[in-house]
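Student: Sequence first, predicted coordinates after that:
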Amino acid sequence: MRILHIWDQAGVAFVLAKYQRLKGHNSKAIMVREYDKYGIGKFYNQYVIDATLADFDQKSVDEAHSADILHIHSRSDMVFKFREEFGKSKKIILQYHGTDIRGIKKQKLPHRSKLSDLAVRGIFAYRRLRDLILIKKRIHTKAQRLADAVIVSTPDLLPLVSKAIFLPNLIDTDHFIPEKISSPKLERPQALTMDTEATDIQLSLSYCRKHNVNLDIDVYNRIRDPIMYGDMPAFLKKYGVYVDVRFVDGKILENLSKTALEALACGLDVLDYKLNRRHGLPVEYDPMNVTSRLETIYSH
């Protein structure tokens with residue numbers, strides 16, 4: 001089977017391409033190198049087709065000619081381009097990963113005065129935003145109808161997409177592996193959590209305090225100081241616990257984040273949204289299991 005992944009979110013497309021190749025398929029992913037903030041594309045370089053932002057669309061169409069399956073990650077606009085070019089001769093899969101369909105209501109604005117903030121958030125800005133949201137919703141709805149299948153990476157996204165299929169995020173268990181010999185975690189807080197673009201870290205910390213979580217939690221600002229993907233396992237193993245309490249748009253997320261899954265694969269305990277401790281990567285996130293489930297989706 002010849003598979004082309006279009007775009008990438010959090011390395012999912014790259015890891016899929018790797019394990020699909022291990023299962024004997026011809027799989028690769030096309031991505032814009034300048035968007036590789038965490039060095040994931042560089043790490044999986046052998047599975048990646050580089051493109052510039054200017055030539056991404058056309059290069060994707062060119063590469064798609066030799067593929068049987070076009071697996072689009074987040075870029076719902078590409079569904080229209082491929083249907084226009086290939087009609088129904090190609091299988092098109094559209095996959096959502098989170099804020100690409102959920103959105104972020106409370107965007108962090110650049111620093112400005114309170115007066116200008118009020119202007120930006122005024123009635124005209126609201127109307128423009130409302131119109132943009134409606135247009136974006138219509139685009140998503142049409143793209144979903146044109147796709148042969150629509151996948152979501154977390155269960156909380158199922159209500160947002162009609163007839164969606166849940167496919168767990170796979171974790172590269174060749175890269176994220178436990179320590180062979182456990183070593184003491186010295187001179188660091190015992191627990192870690194991440195401050196990211198989509199989450200409200202203050203709500204998360206308040207939630208932990210309210211429920212008497214007795215851990216010294218190190219908050220790492222991943223926005224300001226990106227950790228390269230190749231260095232991520234070693235970074236995680238400096239801690240014993242990963243706190244996976246995340247609030248987006250004021251609501252707590254019930255699924256395990258990809259970072260939490262990576263932490264489990266590295267042997268850390270994970271504190272989930274119910275503040276239950278988890279240990280060990282669940283089998284449904286094993287890369288071979290996920291790629292096998294994906295093959296079933298492709299074939300049907």
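Tutor: Thanks, I have it.
Student: residue ranges with poor pLDDT in the stretch 151-300 of the chain?
Tutor: Across the stretch 151-300 of the chain, the ranges flagged by pLDDT under 70 are 181-188.
Student: what about the strands in it?
Tutor: Ranges of strands in the stretch 151-300 of the chain, per DSSP state E, counting those that start in this stretch, are 165-166, 191-195, 217-221, 241-243, 247-248, 251-252, 269-271, 277-279.
Student: Run through the neighbouring helices and strands of the second one.
Tutor: So that's strand 191-195. Packing partners of strand 191-195 (3 or more C-beta pairs under 8 Å, 6 or more residues apart in numbering; DSSP states H and E): helix 201-210, strand 217-221, strand 241-243. Any C-beta I mention is one placed from the backbone N, CA and C, and that applies to glycine too.
Student: swap in the third one?
Tutor: For strand 217-221, the packing partners by 3+ C-beta pairs under 8 Å, 6+ apart come out as strand 191-195, helix 201-210.
Student: what's the closest of the ones you listed to Tyr298?
Tutor: strand 191-195 (32.6 Å; C-beta to C-beta).
Student: contact partners of the closest one?
Tutor: Strand 191-195 is contacted by residues 201, 204-205, 215-223, 236, 238-245, 259, 263, 271 when judged by C-beta atoms under 8 Å, 6 or more residues apart in numbering.
Student: Dump the C-alpha coordinates for it into PDB.
Tutor: Extracted C-alpha coordinates of strand 191-195, given in PDB (Å, rounded to 0.1, in the frame of the first residue of the first chain):
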ATOM      1  CA  ALA A 191       6.700  16.000  39.300                       C
ATOM      2  CA  LEU A 192       6.500  17.700  36.000                       C
ATOM      3  CA  THR A 193       3.800  19.400  34.000                       C
ATOM      4  CA  MET A 194       3.800  21.500  30.800                       C
ATOM      5  CA  ASP A 195       2.600  25.000  30.000                       C
END
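Student: closest to Arg293 out of the helices and strands packed on strand 217-221?
Tutor: Arg293 sits nearest to strand 191-195 of all those, at 27.4 Å, using C-beta to C-beta.
Student: Please work out which of the helices and strands packed on strand 217-221 is packed deepest.
Tutor: Burial of those is given as mean neighbour count (mean count of other C-beta atoms under 10 Å); strand 191-195 ranks first at a mean of 22.
Student: Show me the helices in this protein, by range?
Tutor: In the chain, the segments counted as helices under DSSP state H are 12-22, 40-43, 56-64, 77-86, 99-102, 114-120, 123-146, 201-210, 232-236, 258-265, 287-299.
Student: Give me the buried positions along the second one.
Tutor: Spelled out, that is helix 40-43. Residues of helix 40-43 classed as buried: 40-41, 43 (neighbour count, 16 or more other C-beta atoms under 10 Å).
Student: And the last one, by the same measure?
Tutor: Of the residues in helix 287-299, those buried by neighbour count under the rule 16+ other C-beta under 10 Å are 287, 290-291, 293-295, 297-298.
Student: Likewise for the fifth one?
Tutor: Buried residues in helix 99-102, counted by 16+ other C-beta under 10 Å: 100-102.
Student: picking that back up, okay, the strands of the stretch 151-300 of the chain, which one's buried deepest?
Tutor: strand 241-243 (a mean of 24).
Student: quick one on the thing from earlier: distance to Phe166 added to the helices of the chain, as a markdown table?
Tutor: Below are these laid out as a markdown table (distance: least, C-beta to C-beta, whole Å):
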| stretch | distance to Phe166 |
| --- | --- |
| helix 12-22 | 14 |
| helix 40-43 | 23 |
| helix 56-64 | 26 |
| helix 77-86 | 20 |
| helix 99-102 | 13 |
| helix 114-120 | 37 |
| helix 123-146 | 15 |
| helix 201-210 | 24 |
| helix 232-236 | 25 |
| helix 258-265 | 15 |
| helix 287-299 | 10 |
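Student: who wins for proximity to His175 among the ones you listed?
Tutor: Nearest to His175 among those is helix 232-236 (6.3 Å), distances taken as C-beta to C-beta.
Student: Contacts only, for Gly41.
Tutor: Contacts for Gly41 (C-beta under 8 Å, 6+ apart) come out as 8, 14, 31, 33, 48, 50.
Student: rerun at 6 Å
Tutor: By C-beta atoms under 6 Å, 6 or more residues apart in numbering, the contact list for Gly41 reads 31, 48.
Student: Fine by me, thanks again.
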